[in-house]
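Asks: This is the structure alone, sequence omitted:
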């Protein structure tokens, strides 16, 4: 009679530990309330269904398979047509856009080849005056006239928030509309850890 020795016990232990570790990895995003919002559990940040005239595309997503999260918002009708990414990173995240240099590189690619930084200045939030932020406005790429890219980047001791906006038919009114989108985000939810597993 052939004996298997410790192999079945080791196999059972491996399967058990795999199942246990898989179930212990918490989903960083959960539905929140009845208005279509999602909550990033670690930071408490809420991704609402709508922000101004922009609507969220699908549900929020994980970034690079870790606990960072983001969502895309779009406006397809009216004078301003565009897409805005809102991403929340842990301050110690290894994701490329979790630091300002990586976010600037991503924004430059989005703005298009030949686009240059037009201005870079502090950006003050009405709802969170203690949150430090900057706004980087990219000059129009000659190859894509009428398009406009803004990067907004905010940092706290624990969290970084990147808002990357790319819109068509750019002018001062459209720039103001992108600023208004950023102001309307739920800044008071950042750092509240309102999510429940």
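Replies: Yep, it's here. The structure presented is a predicted model; accordingly, all values stated were derived computationally and were not measured. Numbers count the residues shown, from 1 in each chain.
Asks: where in this structure is pLDDT low?
Replies: 1-26, 79, 141-145, 169-172, 194-197 (pLDDT under 70).
Asks: Strands along that one, start to end?
Replies: 29-32, 37-40, 46-47, 50-51, 54-62, 69-75, 81-90, 117-122, 132-138, 147-155, 159-168 (DSSP state E).
Asks: Take the ones you listed and lay them out in a markdown table including distance to residue 109.
Replies: C-betas here are computed from N, CA, C, even on glycine. Below are the strands of the chain laid out as a markdown table (distance: least, C-beta to C-beta, whole Å):
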| stretch | distance to residue 109 |
| --- | --- |
| strand 29-32 | 26 |
| strand 37-40 | 25 |
| strand 46-47 | 24 |
| strand 50-51 | 24 |
| strand 54-62 | 19 |
| strand 69-75 | 16 |
| strand 81-90 | 13 |
| strand 117-122 | 13 |
| strand 132-138 | 11 |
| strand 147-155 | 10 |
| strand 159-168 | 10 |
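Asks: now for the ones you listed, which one comes closest to residue 99?
Replies: strand 159-168 (7.4 Å; C-beta to C-beta).
Asks: List the buried residues in the closest one.
Replies: By neighbour count on 16 or more other C-beta atoms under 10 Å, the buried set for strand 159-168 is 159-167.
Asks: Quick check: the two most widely separated of those residues?
Replies: Among these, 159 and 167 lie farthest apart (C-beta to C-beta), at 25.5 Å.
Asks: Any figure for the gap between the residue lying closest to residue 139 once chain neighbours are set aside and residue 127?
Replies: Excluding its sequence neighbours, the residue lying closest to residue 139 (C-beta to C-beta, 6 or more residues apart in numbering) is residue 118, at 4.1 Å. Relative to residue 127, residue 118 is positioned 26 Å away (C-beta to C-beta, to the nearest Å).
Asks: Have a look at those two and say which one is more surrounded.
Replies: residue 118 (14 against 11; other C-beta atoms under 10 Å).
Asks: Distance-wise, check the residue nearest to residue 178 when sequence neighbours are not counted relative to residue 31.
Replies: Using C-beta to C-beta, 6+ apart and skipping the chain neighbours, the partner closest in space to residue 178 is residue 165 (4.6 Å). According to C-beta to C-beta, residue 165 stands 26 Å off from residue 31.
Asks: Does the residue nearest to residue 178 have any beta-bridge partners, and if so which?
Replies: As for beta bridges, residue 165 partners with residue 84, residue 150 under DSSP bridges.
Asks: Good, wrapping up.
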